[in-house]
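Novice: With the sequence up front, the predicted model follows.
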Amino acid sequence: LLQGTAVQAQDTLRCEPGETYIMNVMVSSHPYWVPVYQGFKQAAEAFGCETVFSGTPDYDITKQIASFDQDLVKQPAGILLHPMQSDPFIEPINRAIDSGIQVATFAADSPMSKRTAYITSDNLAEAKFAAEEIVKQVGDSAEYAVLENPGQSNHDLRVTALISYFEQHYPNMKLVGRQATNQDTTAAYRATAAILQANPNLKAIWIPEAGSAEGAVTAVLEAKADVLIMQADITPATLEHIKAGNIHMALNPNQGMQGFMGFMAVFLAKHSEVFDPFNDYKVSGFNPVQIPYLDNGFSVITKENADSFDLNVYMEGRDPT
Amino acid sequence: MEQTLANNANDGKATPGRIARLFRMREAGLIAIILVLCVVMTFASPYFLTWVNIRAMVMAFAVEGIVVVGMTILLISGGIDLSVGSVTALAMVIGGWLFLNGVDPWLASLIAIAACTGVGAIMGFFVTRVGLHHFIVSLAVMVIARGICLLATGGRPLGLFALPESFKFIGQGSVGPIPVVIIIFLVVVVIADFLLRRSTLFRRVFYTGSNERAAAYSGIRTGKVIFLTTTLCSALAGVAGVIYMARFGSAQPTFGLGMELNVIAAAVIGGASLKGGSGTIFGAILGCVLLSLVSSSLALMDVSVYWQDIIRGSILLTAVTVDHYLNKKRK
Amino acid sequence: MEQTLANNANDGKATPGRIARLFRMREAGLIAIILVLCVVMTFASPYFLTWVNIRAMVMAFAVEGIVVVGMTILLISGGIDLSVGSVTALAMVIGGWLFLNGVDPWLASLIAIAACTGVGAIMGFFVTRVGLHHFIVSLAVMVIARGICLLATGGRPLGLFALPESFKFIGQGSVGPIPVVIIIFLVVVVIADFLLRRSTLFRRVFYTGSNERAAAYSGIRTGKVIFLTTTLCSALAGVAGVIYMARFGSAQPTFGLGMELNVIAAAVIGGASLKGGSGTIFGAILGCVLLSLVSSSLALMDVSVYWQDIIRGSILLTAVTVDHYLNKKRK
Amino acid sequence: MTQNEPILEVRNVTRAFGPVRALQGVNLSLRRGEIHALAGENGAGKSTLMNIINGILQPDSGEILWEGCPVRIPSPLAAQRLGIGLVHQEIALCPDISVAENIFMMATNASQSMFMNYRALETRARQVLGQMSDIDPATLAGDLPISAQQLVEIAKALTLDCKVLILDEPTAALTSREAEVLFGIMRGLAARGIAIIYISHRMAEIFGNCDRVTVFRDGQYITTFETREITPDDVINAMVGRVMDQLYPPKATAGTLAGAPVLEVSGLGDGRRFHDISLTLRRGEILGIGGLIGAGRSEIARGICRLQPVVTGEIRLNGEQLTPRDYQDSIAAGIVYLSEDRKGDGVFLDMSIAANVSALDIRRVAGPAGLISDAREMRQAADLGQRLNLKCGQLVDPVSSLSGGNQQKVAIAKMLSVNPRVIILDEPTRGVDVGAKAEIHRILRDLANDGVGIIVISSEMPELIGLCDRAVVIREGRLSGEVEGTAMTEENIMRLASVGDERGQVA
Ligand SMILES: Nc1ncnc2c1ncn2[C@@H]1O[C@H](COP(=O)(O)OP(=O)(O)OP(=O)(O)O)[C@@H](O)[C@H]1O
Ligand SMILES: Nc1ncnc2c1ncn2[C@@H]1O[C@H](COP(=O)(O)OP(=O)(O)OP(=O)(O)O)[C@@H](O)[C@H]1O
Ligand SMILES: [Mg+2]
Ligand SMILES: [Mg+2]
C-alpha cells in the first residue's frame, strides 16, 4: 500500500511537458532575486517543470503590472509573484486565478487578493534578533541609531519593529539618530558621518539593507568610531567587512528557501487534486491549497560563517536565468 | 520674380494632397519605426498580436500619457518639469488621505487635483515672477512634494480598497472591451492635440517657446503663458494621480520615482525640443508607444534582464537617429 | 552719460579693486547664504564647527564634486549629461571586474577611465556628427551603461576588499589630517577653475555655449569643442568611479542612481545656465557645498526623515531665490 | 482735431540703464499723416525711445501724450491697443513658426476667435508679402536669410491696423529695390493719415521720403527740422556737432591697381546656390559685390572662406593655392568674413565686449604660457573700440547692453583684431551712423592701401559706388557683370542685378 501511494504521488506530482512556472519581480536586476530564483529552479527541476524569470527592470508599478499581464498571455501554470505594491495587484492576481493560473506571493504580499500562498521572511523576528544581539553587545542602556528607506515595507518593518521592541523591553536604549538613506551608499555615508558627529556616545547602528551599510561602514571607519554595526541582507563588500570585523553581523533572509517553497506553493496549488482537506473548499469553490503565511527563516552571518555567503562563489557554474 | 496672389491661388502644388502630407509629417519617421518593430515582433512572438497583450501595452502608458501631454505643452513653451512624478504621488496621497478621512472620493479627487494645480501655480510663480529657471524650481518642488507624501503617510502606502466601485470604475472599469483608462487617455490626447494645432490660445504657447521676446513684442503676455503651461502640467499630473488611485486602489508615497525622465524622453522622442517652440502631442504619444513597445517586447521575448537595459537603450538611440535622418532627408 | 573709450582707458574705476571685485562676483550671493547657514548651525549644534564634521561634510561631496566639474564645463558648452551616474558605476564595475580577473588595480583603473572616456566620445559623436540632442543621447547611454554594469556583474555587487592598500590609499588614505580624496578633488577643481578662466581652449567652450553659430563664424570648431566637453565629462565621471571604488572597496552595479540630478543641481545653483555660455567651477562647487551642508545639518539636528525632504527642498528654493535677487540687485 | 495736431507727443523723457543715461529729457512730436525721421549717432537713444513708446521699456521720468492726453504704456499689448506698431531694429521672429503665423501673431493674439484659420492666414500673408517679395508664407521663419526675415518683420507691421507706425532701421538689410517698395507703402499709409516714425542712418532715404526730421545726440533732444528747408549737412551737423566734409575716402589710383592680385577665385560653385564664380582682387583694391536679396552673394562669401561647403573651384591667396578645410583654416590663412546677421552670427550677446572682440583668435590676447591675459584682452578691445568710436559703458559689460550700431562696431572690431590678409564684409555698415560709417570706410581704405584685400557686399548702392573701386554683380547665383570707374552707376548695377546685361560687360 505504501508503495502504491508513492507511485501515485509520483504520477500526479509531476509536470506535463511544457508546464511552465514564472517568477515575476520588480527591479529584476537586483541581486536579491538571484538565490531566490535558484531555489525556485531547484524545486521545479525536481518535479520536471520549466521556469521563466520575468518582471520589470524598473521600480515602476505600471510596468510590473504590464509584465504580469504579459506573463498571463503565455498561459503558464502558475506565477510566483513579488508584488511591488499590494493593492494594485489585487485585480491582476484575481484575473489570473480566475483564468486558471495559480499565483503565490513572496517577500511582499497582496493579502486581499485570491493568491493561494505567501512566503516571506519574518521581519519582526529579524528585528527582535537584532535588538537582542545589540543589547548583548553594548548593554541595555546605550545610544543607538538607525538608517532607513521609507516606503519599502520590509525595510520599514525591520526598523520600526526594532525601535518598538527596544521601547517595550529595553526602555533605556536611546534612539539618537534616524536618517533616510534609501539604499544609497553616498547618502548613507553622509548621514552616518553626521550622526557620528552629533552623538559621540553612539554605540550601535541598525541598517535594514546592504547598500546603506556600505556607506555607513566607510563613515564609521573614517571617523575611527567604536560603533557596532548590524545590518540586514548582504553584499560582497559588507561580507568582507564582516570578515574584517568592521560590521558585527548581518541577518540575511533564506532566499533559497523562499524560492523553493514559493515554487512548491504554486505547484501544489496547480496540482491541488492531491489534497482533500477537512473544510468547505468543494462547496465554496476555492483552492484547497491555502497558505496564509510561510516563514522562510533567516541566516545570521558572522565572521565565523561568512565564507558560505559569497554569492559570486555560490553562483559559479550555475545558470542565473 | 514676385508671385502675385492670383498665380498662387491657382497653383495646385501650394496645397499638397492629404497622403503626401502624411508622409511629410514630422511623425512619419517615428510611425515607420514603430511599424517595423511591430512587424518584427509579430513574427517573433505568437503572443504579440493578441488583444490582451496590446491592451497591456497601452495600459502601461495610458495614465502616464496624460502627464506626457502636459509635459509636451510645457516643453513647447520652453519649460521643463522634474516634479511630475512627485506631484502624481501627491495627488494619490491627498486624495487617498481625504477619502480615508471620510471625504467623498470624487470630492477628494477634485481637491487633490486642485492641490496639484496649486503646486504648479507656485512653480509658475517662481519661474515667471521671481525669474528662476524651471529646472531648479521643479527640482526643489519634486523634493518638497515627495516630502509631503512621506509626511502625510508616514512612509506607508494607504490602502484604499474601500473606494466605491463607481469610483474605481474610472481606473478599473471597461466600456465594452475598452478600459475606461484608455478612453480617458484618448479623450485628453485628442482634445490637447486639436487645441495645440488649432486654438489661438495654445498657438501662443508655440510663439512663447520659439522666441519669448518676439512673442512679448507681439503683445503676448508670455509670463502668463508660461505660468499656465506650468500649472497645466502639474494639473494633468494630478489627474493622472487620481486615475492611478482609482486603478490601484492604493496610494503609495514613493509612487512615480523617476517618472520625469520617462515622460520627458517620450516627448523628446516625439519631436519636442528642449529649447522650446516645437513638439506635438501626437508625436509625444508615439514616443510613449515606442518606449512601451520596446519594454513589452523585451519582456515578451524573455530577454535576460541583464541584457534588457542594453537593448532598450540601443533601440532608443537607433530610433532617434533613424528618425533624425528621415526628417533631415525630407527637408 | 555714455563713456567713450578714451575716457575709459584712463578711468581708474574701469578696473575695480580686488575687494570690490569679490563683492561683485557672481558667487557672492551663494557665499553669503552658505555663511549664514554655517553661523546658524554653529549655534544650533556644538558639533558643527569641529574639524571632523567639516571633514565629513567635504568628504560627502568631494568625489561627486569631480563629476560636477565635468558637468559644469559641459553645461557651459551648451550640453547636458544624464549618464554620469551610470558611467561612474561603469568605471567601478570595469575597474573592479578587471581587478578580480587579475589585472593590476592601477592599470584596471586606467582602463576603466579610458572606457568611460570612450563612452563620452560615443555620446559626443552622436551629438556632433549625427546631430541629436545631448539630453536624449545621454539618456540612452545612461540606460545602456547601466545595462553593461548589470551584465558584467550579473547584477551582483563586486567585493573588492582585496584591493592593495597602496590603491585603497587614494580613496581612504590621508596626508596629514587631509584625506587624499579631498586633495584630489581640490587639485581637479583648482586646475579646472584656472583653465576655464585663463586657457584659450576653454574660452572656446564659453563662446560655443553662448552662441554656437557666432562661434562657428569666429572660426571655432564648435563640433570639436562640444565633443571634447562631452568626453571630458564622462572621463571625469570615470575618475570619480575609480576613486569611489578605492574608497568603498566595492563596485555596485546600481551605484550612482539619480546622481545626475544632484550634479546638475549643484552646477545650476552655482550659476551655470542650462542654455549654455555661463557658469563657473567655483560656483558649482559652492552649489555642492550648499547641498551637502543642508543634508548634513538636517542629519546633525536629527530632523525627522519625514520632514527632511520638505525642509531640504524649501532651503534649495529659498537659496536660489535669494541668490537670484542678490545678483539682480548688483546688476 | 486738425491735421496738424500731434497724435503722439513725447515730453522730457529720461531713461537710464544703470550708469548709462540713454535718454535725458528728449522730446518728439508726431503729426497725423507725416513721415517723421529720427536721426542720431549710434547710441543716441533712438531705439530706447521707440521701445518706451511701444511699452517695452518704461521711462524713468517724462510723459507721453496720445492724442493730447497723457498715457502710460505698460506693455506692447497696451501700445497695440492704442494703435502703435513697431518694426524692431533687431529682428525678433519665432524661428520654429511659419512666416504667415509670424506675420499675424499680433492679430491672432488680439483676435476674439478661438481657433486658427490657417487658410485665411496664408492667403492674407501672401497678399501682404506679395507687394515686396516672393517669400512663401508656409516656410519657417528660421529658415529664411536675415534679409528675408527683415521683410517679414516689415510685413508684420504693415498688417497692423495702427495709427502710428515706427520703423527702426527697416532698410538696413534691404536693397534699394525692396526699400523703394517699402517707401511706396509708407507714403500710401501716410496718405491715409497714419503717422510714421522712420529711423535711418541713410540721409538719402530721410530726404527722399520724410517730412520732418528730429535729431538726438547723446541721449539729448537737439532739434526738429522740416526736411524741405535743410540739407543733409545740417542734419549731420546737428547729429555730430560738426560738419563732416567728405563721406568717402579717395579711391585707389590706377597705379596701385596694376599690382599683383591678392585673391583669385576661379570657378567656385556649391552645386546648389551659386555656380562658376571667378573673381580677382588686386592689391590695394576694394571690390564690391552687388545684387538683389537672395542672389547668393552671402553664400559666395561663405563659400570662399569655407563657412559652407563648395564642390568646384579653387582659391589662390597671393598666388598660392589655398585649400582650407574649414573656416578655422581660412582664418589661419588670413581670410575672414563679417556676417550680415549680426545678432545670429556676429556677436555673443551675453558675453563681454572684450571677449567678443578677441573671439576670432583668442591666442592673440594670450601670454607666453598660452594663458589669456585680461589686460591684453582689455587693451585690444580698447584700441579697436577707440578706432571705431565705440560707445559703451565698460568693456566688461555684455554686448547686449549696446545699441545696434555699436554692436556692429564690435563685430567689425572682431574682424580687425586678427590683422587679416583678406576681409570679406557682408553689409559692414548695417545700422552704423554716418560718422562711424565714414570712419569704417577710411579704415577699410587704409587697410587696402596696406595690401589687405577687401571685398564688400553691400545692398546700399551709394556705399557700393562710393567706396569700391570696382564691383561685380551677382544674379541668381551667377556673375552677371562687372562695373568699374564711371560705369559704376546705380542704373548699371540695378540692370545687371535684375535682368542681366544683354550687351555684354559694362566695362
Ligand atoms: N539693456 C541695456 N543695458 C544697458 N545699456 C543699454 C541697454 N540698452 C541700451 N543701452 C544703452 O543706451 C544707449 C542708447 O541706445 P539705443 O539703442 O537707444 O541707441 P540707438 O540710438 O538706437 O543707436 P543705434 O543707431 O546704434 O541703433 C546706448 O548707449 C546703449 O549702450
Ligand atoms: N525672399 C526669399 N524667400 C525665401 N528664401 C529666400 C529669399 N531670399 C533669399 N532666400 C534664400 O536665401 C538664400 C540666399 O541668400 P543670400 O543671403 O546668400 O543672398 P544674398 O545675395 O547675400 O542676399 P542678401 O543681400 O540679402 O544677403 C537662399 O537659400 C535663398 O533660398
Ligand atoms: Mg537703435
Ligand atoms: Mg546676404
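Specialist: Ah, there it is. What you are looking at is a predicted structure, and each value in this text was computed from that prediction instead of being measured. Ligands and ions are numbered 1, 2, ... in the order given.
Novice: Quick one: find the helix or strand in the chain with the lowest mean pLDDT.
Specialist: Looking at chain A here, since you left the chain open. helix A:2-12 (a mean of 52; mean pLDDT, DSSP states H and E).
Novice: not what I meant, chain D
Specialist: None of the helices or strands of chain D scores lower by mean pLDDT, DSSP H and E than helix D:254-257, at a mean of 71.
Novice: Pull out the buried residues from it.
Specialist: Within helix D:254-257, the residues scored as buried using 16 or more other Cβ atoms under 10 Å in any protein chain shown are D:Thr256. The way it works is simple: take the backbone N, C-alpha and C, and place the C-beta from them, glycine included.
Novice: After it, which helix or strand is next?
Specialist: Going down the chain from helix D:254-257, the next helix or strand is strand D:261-269, by DSSP states H and E.
Novice: and that following strand, what does it pack onto?
Specialist: Helices and strands touching strand D:261-269, by 3 or more Cβ pairs under 8 Å, 6 or more residues apart in numbering or on different chains; DSSP states H and E, are strand D:277-282, helix D:297-304, strand D:312-317, strand D:453-457.
Novice: now that strand against strand D:453-457, angle please.
Specialist: Counting by axes from the mean of the first three to the mean of the last three Cα atoms, to 10 degrees, strand D:261-269 lies at 50 degrees to strand D:453-457.
Novice: and strand D:261-269, anywhere near ligand 2?
Specialist: No - counting by Cβ under 6 Å from any ligand atom, ligand 2 is not contacted by strand D:261-269; separation bottoms out at 13.5 Å.
Novice: partners of that strand in the sheet?
Specialist: Under the criterion DSSP bridges, strand D:261-269 sits next to strand D:277-282 (antiparallel), strand D:312-317 (antiparallel) in its sheet.
Novice: and the last one, what's its mean pLDDT?
Specialist: Which is strand D:312-317. When pLDDT is averaged along strand D:312-317, the result is 92.
Novice: Flag every buried residue along the next helix or strand after that strand.
Specialist: Sequence order places strand D:320-322 as the next helix or strand after strand D:312-317, per DSSP H and E. Of all the residues in strand D:320-322, those buried under the rule 16+ other Cβ under 10 Å are D:Leu322.
Novice: can strand D:320-322 be found next to chain C?
Specialist: No - against chain C, strand D:320-322 shows no contacts by Cβ under 8 Å from any Cβ of the partner chain, the least distance being 14.8 Å.
Novice: for that strand, packing partners?
Specialist: strand D:312-317.
Novice: Enumerate the positions of the strand it packs on that are buried.
Specialist: Going by neighbour count (16+ other Cβ under 10 Å), the buried part of strand D:312-317 is D:313, D:315, D:317.
Novice: now that strand against helix D:297-304, angle please.
Specialist: For strand D:312-317 against helix D:297-304, the angle by the same axes, to 10 degrees is 70 degrees.
Novice: what comes into contact with strand D:312-317?
Specialist: D:261-269, D:271, D:276-278, D:304, D:321-323, D:333-335, D:421-422 (Cβ atoms under 8 Å, 6 or more residues apart in numbering or on different chains).
Novice: of all the residues in the stretch 151-300 of chain A, which ones are close to ligand 2?
Specialist: Checking the stretch 151-300 of chain A against ligand 2 by Cβ under 6 Å from any ligand atom, there are no hits.
Novice: just how off-centre is the helix or strand just after the least confident helix or strand of chain A within its chain?
Specialist: Counting by DSSP H and E, the element after helix A:2-12 in chain order, helix or strand, is strand A:20-25. With Cα atoms, centre = their mean, to the nearest Å as the basis, strand A:20-25 stands 16 Å off its chain's centre.
Novice: Then stretch D:379-394?
Specialist: Here stretch D:379-394 is found 20 Å from its chain centre; the criterion is Cα atoms, centre = their mean.
Novice: now do the same end-to-end measure for it.
Specialist: Terminal residues of stretch D:379-394 lie 12 Å apart, using Cα to Cα, to the nearest Å.
Novice: Tell me which residue is most central in the chain.
Specialist: No chain specified, so I'll use chain A. Nearest to the geometric centre of chain A sits A:Ala107, at 4.3 Å (Cα atoms, centre = their mean).
Novice: that's the other chain; I wanted chain D
Specialist: Nearest to the mean C-alpha position of chain D, counting by Cα atoms, centre = their mean, stands D:Arg430 at 2.6 Å.
Novice: And that one, which helix or strand is it part of?
Specialist: Element membership for D:Arg430, per DSSP H and E: none, as it lies in no helix or strand.
Novice: now D:Leu28
Specialist: Secondary structure (DSSP H and E) places D:Leu28 in strand D:20-31.
Novice: For residue 48, give me phi and psi.
Specialist: No chain was given, so I picked chain A. Main-chain torsions, A:Gly48, degrees, to the nearest 10: phi 70, psi 40.
Novice: nope, chain B
Specialist: Here is the backbone geometry of B:Phe48 (degrees, to the nearest 10): phi -60, psi -50.
Novice: I'd like the secondary structure assignment at D:Val418, please.
Specialist: Three-state assignment for D:Val418 (DSSP: H, G, I helix; E, B strand; the rest coil): coil.
Novice: who's in contact with the residue most central in space within chain B?
Specialist: The centroid of chain B falls nearest to B:Val68 when counting by Cα atoms, centre = their mean (0.7 Å). Shown in contact with B:Val68 (Cβ under 8 Å, 6+ apart): B:61, B:263, B:266-267, B:284-285, B:287-288.
Novice: I'd like the helices and strands packed on strand D:261-269 laid out as CSV, including distance to D:Ile185.
Specialist: Output for the helices and strands packed on strand D:261-269, formatted as CSV (distance: least, Cβ to Cβ, whole Å):
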stretch, distance to D:Ile185
strand D:277-282, 34
helix D:297-304, 25
strand D:312-317, 40
strand D:453-457, 26
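Novice: Chain neighbours aside, what residue packs nearest to whichever residue of chain B sits closest to ligand 1?
Specialist: As assessed by Cβ to the nearest ligand atom, ligand 1 sits closest to B:Arg213 within chain B, at 12.2 Å. Leaving out its chain neighbours, the residue that sits closest to B:Arg213 by Cβ to Cβ, 6 or more residues apart in numbering or on different chains is D:Ala92, at 5.3 Å.
Novice: now do A:Asp87
Specialist: B:Ser250 is the one closest to A:Asp87 (Cβ to Cβ, 6+ apart), at 3.5 Å.
Novice: Please tell me I have it right and that neighbour contacts A:Ile90.
Specialist: No - with contact defined as Cβ atoms under 8 Å, B:Ser250 and A:Ile90 do not form a contacting pair (9.0 Å).
Novice: Which residues are in contact with each of these two?
Specialist: Common contact partners of B:Ser250 and A:Ile90 (Cβ under 8 Å, 6+ apart): B:Phe161.
Novice: Thanks a lot, catch you later.
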